[in-house]
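**Q** model this:
(2 chains)
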Amino acid sequence: MLPSALKPEKFDSYPPEARKIVVNYLSTLRQLPLGFVPGLLRELINYDFKFPAERRAHERELEYLASLSAGQLKEWFQGFAQIRLSSQLEDFDWVKSPAQFVERLSAHLWSTHQLDTFRQVSNEYADRLRAAVPPEALPVPRLGISVIGQGVASCSDPLFRKLRAHGAYYAHINPGNGLRYLLDAVAARAKAHPAPYGHWYIDGGESAECDPALTCVSYKALEPARTALLRKMQEQIDRPGMGPEALRTILAQMRPSDLAMDRGAGTLHDEILERFEVSVLTEGSGTQIFSTVFAQWAAREALRRAQPLTLLVRFAPRQRQRPMNEMLSADAKVPPEPDLIGSLVDGDFAAYYNWLNQQRLPGAEKSSFLVWFEGHNQALAIGPSTPRGTESASVADLRQVLAWTL
Amino acid sequence: MRYLSSPREVSQCVARTRRDFLRDAAGVALGSALFRPAWARTASSAPKRKVVVVTFGGGARDQETFMIEGQKNIPHLMSDLIPQSSFFTQVVNHGILGHYVATASLATGVYETFNNFAAVSPESPTVFEYFRKDLKRPSSDAWVVAPSNGFNRIGESSHRSYGPGFGARVILPKRLLAAATSRSNNDYQHLLRDNYETPYFTPELVGSEFELQQLETILKLSVDDFKTHAQTLSSPDELSVYIARQLMHQVAPTLLWITLHDIDVAHAGAYSLYIDGIRRSDRLCAELWKDIQTEPEYAGNTTLFILPDFGRDSDDDAGGNGFQHHRTGDTLSRTTWMLAAGPGVRQGVVFDRAVDSMDLVPTLGAMLGFNPSLAQGKPIHEVL
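**A** Numbering: from 1, shown residues only, chains lettered A, B, ... in the order given. The predicted structure is shown next:
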């Protein structure tokens, strides 16, 4: 089926809000090429469980596309229209299963050497859309904080090497109460600028006491879900004929209820956040087994999707590398040995990725970023008024450094 | 800074940057394809010429290798191998960036398009089939050492003019070790790990895979000796290099292809483990080169090629997650490098013209004297 044949009843299986927005813009979707529409539907089918920033972005994109004439739409999407698709793709039920269609499309693009073209037209579309629908002003400039090296006694290698050129390096931080200062600062911002899913605290281990104004995600709190997921993965792996692609498809279809996340007695459930957590565990490679990877990927996805105003990420020790099949086993009898130095290296580089991903969001020129070696006297701050590539001899605590940076 | 608009421009920029780093750190000179010393032509026609190809399944990015900040991770490449090599800074892979299909493409000289995770043979004839059929070589003269079970069919294509009977013999060292030991024996588990993407991918092994009893008949290793030595090793790639050494010593094949995979632990997302993989691969390559120079059957008549099958995603592409994967198809993930060393190959020279991944097989054909008639690349004349 081609998009021109779309009818409202085709979307009866969609969740209510998703169905409503798709049907509302159906006349626009009908004019778009098959190389584009399933990718958009893959996002819209989850509209009911998206963060406010994502919803708003989809609404603004559709509003803009609906404002274009037929001729303009044709011109905007001519690159996608020129992608050669197979009859098998055309026959696939991409309305019902847009994510699976996109997986098949991806394989088709690679094997027909059209990936580079698709990549180019996708980037051009995103750039053009960004120019046509400029981002809305932020109530307060973004702040990102990364805390790395938990449990490491000392480190002789230089830290923050990827970030030093962008900010000020502090070598004389007074580490006392450092984490508390940072958590309090994050909570204060959440109260001063309240926004649903606007202020996050992600912990790669057990989270510290967390203000309810923050959206809190932790590796430790998700341990039952991770264990359940690893068991399900192992069951699938043991099935004859199972391969990585089939497993990925199964994982992508998992919901919080599949991992018993919705069964906590007496607790309020936040299905949007639970679905986010499931997606971090099922779509991220290594998030199920390495806490450092979990924290980095969760931060990346939170930034990409929720576009928070504030994000504090604390990295914790990950387990030492063991055979992959052993790490994927949910039935470990002894707690795995931590790799403290490896985790510090992971966290140091992940902090750079946290900053990069923050800088991809609107308002980057006003954003600030702080990374701290937990319990130690090294930190680095990046901000619009922070001199780049400098080293500060100041003796200060993190509260002061934050104040100077923001 | 000028904005680089096309993938070709980005690729050329990568090549120039690599060249400059190598010139500064390893003291190499920019090579010219026009100059060709007489001694090289003489050496390249040596009658007992052998070739060892080492591919990395899972490339390493420049910032973790050739750039100043990464050079500490590849001390052996920088100080031992590159000064003795011709180094190609811009090897572009235009195919599918999955390790099995990409390595199969390297081995056929044709961009294969099969499912990367399927247990299938390449569709086009492999370099091993051209070599054996054209030169009437026995099966013992072409070998592949590959750590991953998914590579068990890489030695022989399904092409009707070649295929069964003409391929390379394939050793999967992890398979061999698993057979020699018990999977429940924790002393060896670290050598049996697969990369993150394929722990669950263990296809049925059929065809010409190495049988356990051949440990003794071909590698001249008792099961006990093999197990004892394996306990001293720290990774699957170390196991592969150990097996490759045994093959060189006992069988001395003319064409030996080794694929290393430790770097691909990057898919699990832990940066420190990715760096560990790079450092280990660097050391193993230097050890192999040393073995080649000391093994009587190989010393003085062997050309070594080292090349990653492709690169990894750049930090700049929002669609990826940097070093972790190679899924974006961006220019950095397609642009890798190649090193060639041995008699007849100029030393300490860097070439930054674009070479295609498909060029390897025609180069090997020209070097060893067979005709890879269905391969799509062109011989790399700078090493011939």
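**Q** surely residue B:132 meets residue B:140?
**A** No: Residue B:132 is not in contact with residue B:140 according to C-beta atoms under 8 Å; the separation is 10.1 Å. Using the backbone N, CA and C atoms, a C-beta is placed for each residue, glycine as well.
**Q** more neighbours: these two, which one.
**A** Between residue B:132 and residue B:140, residue B:132 has the larger neighbour count (other C-beta atoms under 10 Å in any protein chain shown), namely 24 against 14.
**Q** can you tell me the centre-most residue of chain A?
**A** residue A:301 (0.3 Å; C-alpha atoms, centre = their mean).
**Q** so who does that one touch?
**A** A:276, A:279-280, A:284 (C-beta atoms under 8 Å, 6 or more residues apart in numbering or on different chains).
**Q** now do residue A:86
**A** Contacts of residue A:86 by C-beta under 8 Å, 6+ apart are residue A:108.
**Q** CA-only coordinates of stretch B:70-83 in CSV, if you can.
**A** Extracted C-alpha coordinates of stretch B:70-83, given in CSV (Å, rounded to 0.1, in the frame of the first residue of the first chain):
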residue,chain,number,x,y,z
GLY,B,70,45.3,8.2,20.4
GLN,B,71,48.9,7.3,19.5
LYS,B,72,49.6,6.0,23.0
ASN,B,73,47.1,3.2,22.2
ILE,B,74,49.0,2.0,19.1
PRO,B,75,52.7,2.1,20.1
HIS,B,76,53.7,-0.9,18.0
LEU,B,77,52.0,0.3,14.9
MET,B,78,53.5,3.7,15.2
SER,B,79,57.1,2.7,16.1
ASP,B,80,57.5,-0.8,14.6
LEU,B,81,55.1,-1.4,11.7
ILE,B,82,54.4,1.9,10.0
PRO,B,83,58.0,2.9,9.6
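**Q** pLDDT of it, averaged?
**A** Taken as a whole, stretch B:70-83 has a mean pLDDT of 96.
**Q** for it, buried residues please.
**A** B:70-71, B:73-74, B:76-78, B:80-83 (16 or more other C-beta atoms under 10 Å in any protein chain shown).
**Q** in chain B, which spans are strands?
**A** B:29-30, B:50-56, B:85-92, B:142-145, B:169-171, B:255-260, B:302-308, B:335-341, B:349-356 (DSSP state E).
**Q** and the last one, which residues are buried?
**A** This means strand B:349-356. Here strand B:349-356 shows B:349-352, B:354-356 as buried, counting by 16+ other C-beta under 10 Å.
**Q** name the nearest residue to residue B:11, sequence neighbours excluded.
**A** residue B:335 (4.7 Å; C-beta to C-beta, 6 or more residues apart in numbering or on different chains).
**Q** can you pull up the bridge partners for that neighbour?
**A** Per DSSP bridges, the residues bridged to residue B:335 are residue B:92.
**Q** surely it meets residue B:13?
**A** No: applying C-beta under 8 Å as the test, residue B:335 and residue B:13 come out as separate, 9.6 Å apart.
**Q** quick one: contacts for residue A:308?
**A** Counted by C-beta under 8 Å, 6+ apart, residue A:308 has contacts A:142, A:197-200, A:215, A:302.
**Q** hmm, back to that, make CSV from the buried residues of strand B:349-356 and add distance to chain A to it.
**A** Converted to CSV, these look like this (distance: C-beta to the nearest C-beta, whole Å):
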residue, distance to chain A
B:349, 31
B:350, 26
B:351, 24
B:352, 22
B:354, 15
B:355, 18
B:356, 13
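**Q** okay, who's weakest in these by pLDDT?
**A** Lowest in pLDDT among the buried residues of strand B:349-356 is residue B:352, which has 91.
**Q** which residues sit in contact with it?
**A** With the criterion set at C-beta under 8 Å, 6+ apart, residue B:352 makes contact with B:12, B:15-16, B:18-19, B:30, B:88-90.
**Q** name the nearest residue to it, sequence neighbours excluded.
**A** residue B:15 (4.0 Å).
**Q** picking that back up, between residue B:335 and residue B:13, who's got more neighbours?
**A** Between residue B:335 and residue B:13, residue B:335 has the larger neighbour count (other C-beta under 10 Å), namely 27 against 15.
**Q** so who does the more buried one touch?
**A** B:10-11, B:14-15, B:90-93, B:311.
**Q** average pLDDT across the longest helix anywhere in chain A?
**A** When chain A is parsed with DSSP state H, its longest helix is helix A:340-359. Mean pLDDT, computed over helix A:340-359, is 98.
**Q** same question, stretch A:99-119
**A** Stretch A:99-119 comes out at a mean pLDDT of 92.
**Q** repeat that for stretch A:21-29.
**A** 98.
**Q** mind listing the helices for the stretch 101-250 of chain A?
**A** Here the stretch 101-250 of chain A has its helices, by DSSP state H, counting those that start in this stretch, at A:115-132, A:178-192, A:223-237, A:244-252.
**Q** which of those helices sits closest to residue A:17?
**A** Nearest to residue A:17, of all the helices of the stretch 101-250 of chain A, is helix A:244-252, at 20.5 Å by C-beta to C-beta.
**Q** among the contacts of residue A:308, which pair sits farthest apart?
**A** Within the contacts of residue A:308 (distances taken as C-beta to C-beta), the two that end up farthest apart are A:142 and A:215, at 14.7 Å.
**Q** still on that earlier bit, need the contact list for the residue nearest to residue B:352.
**A** Residue B:15 neighbours (C-beta under 8 Å, 6+ apart): B:89-90, B:335, B:352-354.
**Q** at 7 Å instead, please
**A** B:89-90, B:352 (C-beta atoms under 7 Å, 6 or more residues apart in numbering or on different chains).
**Q** distance of it from chain A?
**A** 18 Å (C-beta to the nearest C-beta, to the nearest Å).
**Q** quick check: residues of the stretch 1-150 of chain B near chain A?
**A** B:7, B:69, B:94, B:96, B:113, B:117 (C-beta under 7 Å from any C-beta of the partner chain).
**Q** quick check, residue B:266 in contact with residue B:56.
**A** No: Residue B:266 is beyond contact range of residue B:56, at 11.1 Å (criterion: C-beta atoms under 7 Å).
**Q** between those two, who's got more neighbours?
**A** residue B:266 (30 against 26).
**Q** in space, what's closest to the more buried one - neighbours in sequence excluded?
**A** residue B:274 (3.9 Å).
**Q** and the pLDDT at the one you found?
**A** 96.
**Q** what distance do you get for it to residue A:204?
**A** Per C-beta to C-beta, to the nearest Å, residue B:274 is found 18 Å from residue A:204.
**Q** number of residues surrounding the nearest residue to residue A:109 once chain neighbours are set aside?
**A** When the adjacent residues along the chain are set aside, residue A:109 lies closest to residue A:115, with 4.3 Å between them (C-beta to C-beta, 6+ apart). Residues within reach of residue A:115, counting by other C-beta under 10 Å, total 22.
**Q** and residue A:115, how far from residue A:128?
**A** For residue A:115 relative to residue A:128 (C-beta to C-beta), the value is 20 Å.
**Q** buried subset of the contacts of residue B:352?
**A** B:12, B:15, B:18-19, B:88-90.
**Q** what's the farthest-apart pair in those residues?
**A** B:12 and B:88 (13.1 Å).
**Q** alright, that wraps it up for me.
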